[in-house]
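**Q** Fold the stuff below for me.
(one chain, ligands or ions: 1)
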Amino acid sequence: MLKANQAIGIFDSGVGGLTVASAVKNLLPQENMIYFGDTAHLPYGDKSTEAIRYYSEKIAAFLLEKNCKVILIACNTASAQAFEIVQQVAGDKVKVFNVIDPVVDFITASRKYHKIGVIGTKGTINSGTYARKILERKPEARVISLATPLLAPMIEEGFIYDDISNAIIRSYLSNEQLAGITSLILGCTHYPIIKNQIRKYYNFNVKVIDSGQIVANQIKQYLQANNLLNDIVDPHYQFYVSDYTDLFEKISEMFFEEEVHLEMVDLWK
Ligand code: DGL
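**A** Next up is the predicted model:
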């Protein structure tokens with residue numbers, strides 16, 4: 001039987017999932033968390049579906065071994081391509097969340113959004129997952145999807161809120177297909193790091209939606225409904241990476257506002 005003091009297990013290819021982890025931390029400050037950043041295989045966005053499934057499957061098994069009570073795939077590419085395989089690994093042991101379905105629930109529940117832009121990695125955009133899931137629920141919507149593959153490596157390399165990143169963002173978002181959108185889904189968990197830069201590009205006239213808070217809310221509801229909300233005062237955060245990078249440590253400390261100790265593990269040897 002699951003216990004409330006077991007950790008929430010979260011994974012991404014790198015730092016992107018920390019945007020979701022920090023939203024979970026803000027909403028559920030008493031929860032223990034285990035985060036895995038697959039920095040050795042980053043970026044996921046241009047890998048084959050087989051590769052993403054292989055990586056995700058091993059990470060899910062690792063999080064289960066670590067006794068997590070929930071698994072959250074904090075990566076859109078893995079959510080689009082490996083959700084089912086992670087569910088298979090988890091079986092009936094723990095519930096698996098992805099970062100796409102909660103956003104689809106949010107956007108289709110509102111009457112406000114009609115012409116919806118989605119940006120993400122090639123893997124996420126080429127899978128067509130957002131467009132398919134939104135249109136299944138809201139056939140009258142228009143969904144314009146655009147792959148923006150440079151953004152995640154740009155962020156991983158620390159090019160944010162500067163001239164280089166402004167030029168790259170402009171070059172992508174000025175694409176004619178996106179003209180007239182009223183909302184833009186950040187379909188990659190790296191992008192919230194540059195959310196305000198993107199909002200500024202649109203002069204704050206386009207609703208820019210990221211998954212962090214929306215996903216955190218769904219997890220809270222689930223934990224509440226299943227009596228799994230933790231009540232300890234001093235939660236424990238563990239960070240694992242498959243390859244050590246300076247930036248990971250820097251960004252995780254920025255999000256978690258405390259010193260972060262990274263442990264390196266090779267799940268594929
Ligand atoms: N953060 C990941 C996502 O949400 C992917 C970035 C990458 O590794 O390509 O898709």
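**Q** Check whether Leu173 really touches Lys200, as I assumed.
**A** No: counting by Cβ atoms under 8 Å, Leu173 does not reach Lys200; the two are 11.0 Å apart. C-beta here means a position set from N, CA and C on the backbone, and glycine is covered the same way.
**Q** which of these two has more neighbours?
**A** Neighbour totals were compared for Leu173 and Lys200, and Leu173 leads with 19 against 14 (other Cβ atoms under 10 Å).
**Q** and the nearest residue to the more buried one once chain neighbours are set aside, how many residues sit next to it?
**A** Spatially, and ignoring its direct neighbours in sequence, Leu173 is nearest to Tyr201 (5.6 Å; Cβ to Cβ, 6 or more residues apart in numbering). A count of neighbours around Tyr201, defined by other Cβ under 10 Å, yields 18.
**Q** Repeat that for the one 10 residues further on.
**A** By the measure other Cβ under 10 Å, the count of residues near Ser211 is 28.
**Q** Which positions within the worst-scoring helix or strand of the chain on mean pLDDT qualify as buried?
**A** Sorting the helices and strands of the chain by mean pLDDT, DSSP states H and E puts helix 246-256 at the bottom, at a mean of 82. Neighbour-count burial for helix 246-256, counted by 16 or more other Cβ atoms under 10 Å, picks out 248-249, 251-252, 255-256.
**Q** what does stretch 171-188 give?
**A** Quick answer for stretch 171-188 (16+ other Cβ under 10 Å): 172-173, 178, 181, 183-188.
**Q** what do you get for stretch 21-39?
**A** Buried residues in stretch 21-39 (16+ other Cβ under 10 Å): 21-25, 28, 31-39.
**Q** Wait, Phe159 touches Ser165, no?
**A** Yes: counting by Cβ under 8 Å, Ser165 is a contact partner of Phe159 at 4.8 Å.
**Q** who touches both of these two?
**A** Both Phe159 and Ser165 lack any common contact, where contact means Cβ atoms under 8 Å, 6 or more residues apart in numbering.
**Q** Output stretch 95-107 as CSV, nothing but the C-alphas.
**A** What follows is stretch 95-107 as a C-alpha-only set of coordinates in CSV (Å, rounded to 0.1, in the frame of the first residue of the first chain):
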residue,chain,number,x,y,z
LYS,A,95,-0.3,6.4,-11.1
VAL,A,96,1.6,8.1,-13.9
PHE,A,97,1.0,11.7,-14.9
ASN,A,98,2.2,13.4,-18.1
VAL,A,99,2.4,17.1,-18.9
ILE,A,100,0.2,17.1,-22.0
ASP,A,101,-3.2,15.8,-20.8
PRO,A,102,-3.7,18.3,-18.0
VAL,A,103,-3.0,21.2,-20.4
VAL,A,104,-5.5,19.8,-22.9
ASP,A,105,-8.1,19.5,-20.1
PHE,A,106,-7.4,23.1,-19.2
ILE,A,107,-7.6,24.6,-22.7
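**Q** Appreciated, that's everything.
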